[in-house]
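Asks: okay, structure incoming, though there's no sequence with it:
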Ligand SMILES: O=C(O)CCC(=O)C(=O)O
């Protein structure tokens, strides 16, 4: 892997998207409007962001029965040029155009994706765009959200989805960004490997719920941030109590010392955060765990 770009200060915007309903075209259009609003710094209240993030499942209601109907073929092959103009995915075409129109890096939340080779396979997939509108990275949720907390929440993504098979990150001119999706945040190896391979920030579009949200949403982000002395951000949909799935909201950015820098409430919002390399450098210099690992005693998971 190439060496990581120099970490520079940048402005991050997380769109806590609302109004995700059954009309896919409307979902896509609303996401586009909110990207424009984020790019304007929420009508001039904040500096123009360098990177904008959408939440998990922005073009479809969140539920296993919806994924087959809302899935789109993307057909991205890592390392190969992707021709947006012939993309079969209307979500990808919108995201690329919005990134280009706003000249901003864009993490396009996630959408249900249908495998181009094997149409029986669906994934929960995130795509990433340069300010020129090129699709340059993709992550398929690795760990499927299959849980059962009796009387509270049962969810079985594996009923209709297949897990991804690769770890993913991308480089901008201001940072290396590691990627994960929602439940992926519970698996510390992902952030650990990304950080040891030079990622400065981990970003997870995610939709926690009203049971695990209050228990673990903040805790997991702070844990991943402190373990690895990196920035961690999670971008949620807004809470909609008329929908089948009630998202926690609380889109958040945590710094490398584990401090919550910004946090949304439950409703639709855009949160902005200035990401500062100095905090990461100071965390690592003051508490030098990154240099004190005992790989003579336990293995380095990033070396596998
Ligand atoms: O891990 C959790 O508690 C929630 C995960 C989730 O909602 C998801 O992966 O979509």
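Replies: Now that the structure is in, tell me what you want to look at. Quick caveat, the model's predicted, so the values are computed rather than measured.

Asks: for the record, mean pLDDT for the helix or strand where residue 12 lies?
Replies: Per DSSP states H and E, residue 12 falls inside strand 10-16. Averaging pLDDT along strand 10-16 yields 98.

Asks: mind listing what's buried along that strand?
Replies: Within strand 10-16, the residues that qualify as buried by neighbour count (16 or more other C-beta atoms under 10 Å) are 10, 11, 12, 13, 14, 15, 16. For glycine as for every other residue, the C-beta is placed from the backbone atoms N, C-alpha and C.

Asks: what does stretch 238-257 give?
Replies: The neighbour-count check on stretch 238-257 (16+ other C-beta under 10 Å) flags 238-240, 243, 245-256 as buried.

Asks: so which bits of the stretch 151-300 of the chain are right by the ligand?
Replies: 182, 183, 186, 207, 208, 209, 212, 216 (C-beta under 6 Å from any ligand atom).

Asks: got the angle for the longest helix anywhere in the chain vs strand 10-16?
Replies: Among all segments of the chain classified by DSSP state H, the helix with the greatest residue count is helix 24-39. In terms of direction (axes from the mean of the first three to the mean of the last three C-alpha atoms, to 10 degrees), helix 24-39 departs from strand 10-16 by 150 degrees.

Asks: averaged pLDDT, helix 24-39. What do you get?
Replies: In the prediction, helix 24-39 has an average pLDDT of 98.

Asks: which other helices and strands contact that helix?
Replies: With contacts taken as 3 or more C-beta pairs under 8 Å, 6 or more residues apart in numbering; DSSP states H and E, helix 24-39 sits against strand 10-16, strand 51-53, helix 90-102, strand 269-275.

Asks: run the angle between it and helix 90-102 for me.
Replies: Counting by the same axes, to 10 degrees, helix 24-39 points 20 degrees away from the direction of helix 90-102.

Asks: number the chain from 45, please
Replies: Understood, numbering begins at 45; the last thing we discussed is helix 68-83.

Asks: I'd like the distance between residue 222 and the ligand.
Replies: Noted for residue 222: a distance of 17 Å to the ligand, by C-beta to the nearest ligand atom, to the nearest Å.

Asks: hang on, that residue in a strand?
Replies: Yes. Going by DSSP: H, G, I helix; E, B strand; the rest coil, the assignment for residue 222 places it inside a strand.

Asks: ok, it - contacts?
Replies: With contact taken as C-beta atoms under 8 Å, 6 or more residues apart in numbering, residue 222 is in contact with 211-213, 234-235, 238-239, 241, 243, 245-247, 274.

Asks: so is the nearest residue to it once chain neighbours are set aside in a helix, a strand, or just coil?
Replies: The shortest distance from residue 222 to any residue that is not its chain neighbour, by C-beta to C-beta, 6 or more residues apart in numbering, is 2.9 Å, and that residue is residue 238. Each residue gets one of three states, and residue 238 gets helix by three-state DSSP.

Asks: residue 238 and residue 213 touch, don't they?
Replies: Yes. With contact defined as C-beta atoms under 8 Å, residue 238 counts as touching residue 213 (5.5 Å).

Asks: who touches both of those two?
Replies: Residues touching both residue 238 and residue 213 (C-beta under 8 Å, 6+ apart): 222, 223.
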